[in-house]
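**Student:** Build the 3D model from these lines:
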Amino acid sequence: MDENTTPPPIPPNPPPVITPVRTTLPPPKRRRGPWPAIALVLLCLLLVSAYTNLKHMFGGIGSHSSLPSRAGIPRLEENLIEDNDSTNKIAVIEVEGIITSQFERGGVTMVDFIQDQFKVAARDRRVKAVILKVNSPGGEVLASDDINRAIAKFQLDTGKPVVASMGSLAASGGYYVSAPCRWIVANELTITGSIGVIMSTYNYRGLMDKIGLRPEVYKSGKFKDMLSGSKRDAEITEEEKQMVQDLVNETFERFKTVVSEGRSLASRKNKENSEAKGQTLSTKWKDYADGRVLSGKEAYNLGFVDELGGWEAAVKRAEKLARIDKATLVQYQQIFDFSSLLRLLGKSDAKGVKIDLGIELPKVKAGCLYFLAPTYVY
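**Tutor:** Residues are numbered from 1 along each chain as shown. Model prediction:
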């Protein structure tokens, strides 16, 4: 190559090729409504219902057994409480909390549920006795009376004894449902008694006058607005007060009759059993039927209770009265299935949100009669 020859120019580096990066954004999340959760709940209920129906179709599983029931009433299931290796059974029926006729579990009332349990126990020949487990301050007059009559009828029709086992509280209506039982067991510290009736209401006329609110009342008779809270004191006549008091007194006489007849019948029955004499009512028991509460020991001394003891004492007494050596303890419960859910929704009369405070507040209504312990009235 000639030294004077100029070398060819070096081409410049080409600019880098920049490829645009395409960024793909995820699609926006769709908001899900409540329907998937509702569908999941309904599916779970449907599966539970199918399982329950199959279980009862093929004779039950484990310690549960299906029991017949009449139309319109949830089926009952027998649960084993204590297996004592015996074909003889003692059914345990609970009266827990405020005695009410309002719709509760499974779309039935407390009274219906207790009555159905007694009917099942009456049909089962292997049930030799019933223990009524009472832990209640009382409640509605009619509900208490319905349970009382169911117990009396059960004992009369079947000859099977019912033993009341009182818990920490079995007062007023709680004692009313215990009175027809063949035998009553209470702890020394059980709160019982409170034999009496109460009806309460509120008069808010003074408040109405302060804020300038005046009622307009149109009535067909002079007593149609009895117990109205908008009446002035001068408008509440002595005749009206006496009518209300007569109603309370009449119900109170029924309470005393239930106590007298129940304890007298139990005493006569117990005298036939050499091992179970029991207690008889004191001649001055009516002096204590003034609404006062009694301890289990006081109630025993007055003849309201037959025996001082706890749960084990009640079980042993039920076995003795039934004349059996030992028994298996069972309890009934409602079978919850899809039909029960529909029945519950159909019976529901809730008009608001219920908050569980961990305690049961009294379901007391103004102007209604109650067998209720004093501390639960207001």
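
**Student:** OK, contacts around Val315?
**Tutor:** 90, 131, 327, 329 (C-beta atoms under 8 Å, 6 or more residues apart in numbering). Glycine gets a C-beta too; all of them are placed from N, C-alpha and C.

**Student:** and if you look at Glu319?
**Tutor:** By C-beta under 8 Å, 6+ apart, Glu319 lies in contact with 90, 129, 325-327.

**Student:** ok so, going back, highest neighbour count among the contacts of Val315?
**Tutor:** Neighbour counts for the contacts of Val315 peak at Ile90, which has 30 neighbours (criterion: other C-beta atoms under 10 Å).

**Student:** dump the residue contacts of the closest residue to it other than its chain neighbours.
**Tutor:** In space, Ile90 comes closest to Ala327 once its chain neighbours are excluded; the distance is 4.4 Å by C-beta to C-beta, 6 or more residues apart in numbering. Taking C-beta under 8 Å, 6+ apart, we find Ala327 in contact with 84, 86, 88-90, 128-129, 315, 318-319.

**Student:** Repeat the analysis, applying 10 Å as the threshold.
**Tutor:** Going by C-beta atoms under 10 Å, 6 or more residues apart in numbering, Ala327 touches 82, 84, 86-91, 126-129, 315, 318-319.

**Student:** if we can go back for a sec, nearest to Glu261, of the contacts of Val315?
**Tutor:** Nearest to Glu261 among the contacts of Val315: Ile131, at 21.6 Å, using C-beta to C-beta.

**Student:** Walk me through which strands the helix or strand hosting the closest one pairs with, and which way each runs.
**Tutor:** Secondary structure assigned from DSSP states H and E places Ile131 in strand 127-136. According to DSSP bridges, strand 127-136 forms sheet pairs with strand 89-96 (parallel), strand 162-171 (parallel).

**Student:** Tell me how far it lies from the chain's centre.
**Tutor:** Centre-to-centre, strand 127-136 and its host chain are 15 Å apart (C-alpha atoms, centre = their mean, to the nearest Å).

**Student:** Convert it to PDB, retaining C-alpha atoms only.
**Tutor:** Provided in PDB are the C-alpha atoms of strand 127-136 (Å, rounded to 0.1, in the frame of the first residue of the first chain):
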ATOM      1  CA  VAL A 127     -86.800 -44.700  80.200                       C
ATOM      2  CA  LYS A 128     -87.700 -45.500  83.800                       C
ATOM      3  CA  ALA A 129     -87.500 -42.000  85.300                       C
ATOM      4  CA  VAL A 130     -86.900 -38.300  84.400                       C
ATOM      5  CA  ILE A 131     -84.700 -35.800  86.100                       C
ATOM      6  CA  LEU A 132     -85.900 -32.200  85.700                       C
ATOM      7  CA  LYS A 133     -82.800 -30.100  85.900                       C
ATOM      8  CA  VAL A 134     -84.000 -26.600  87.000                       C
ATOM      9  CA  ASN A 135     -81.900 -23.500  87.000                       C
ATOM     10  CA  SER A 136     -84.500 -20.700  86.500                       C
END
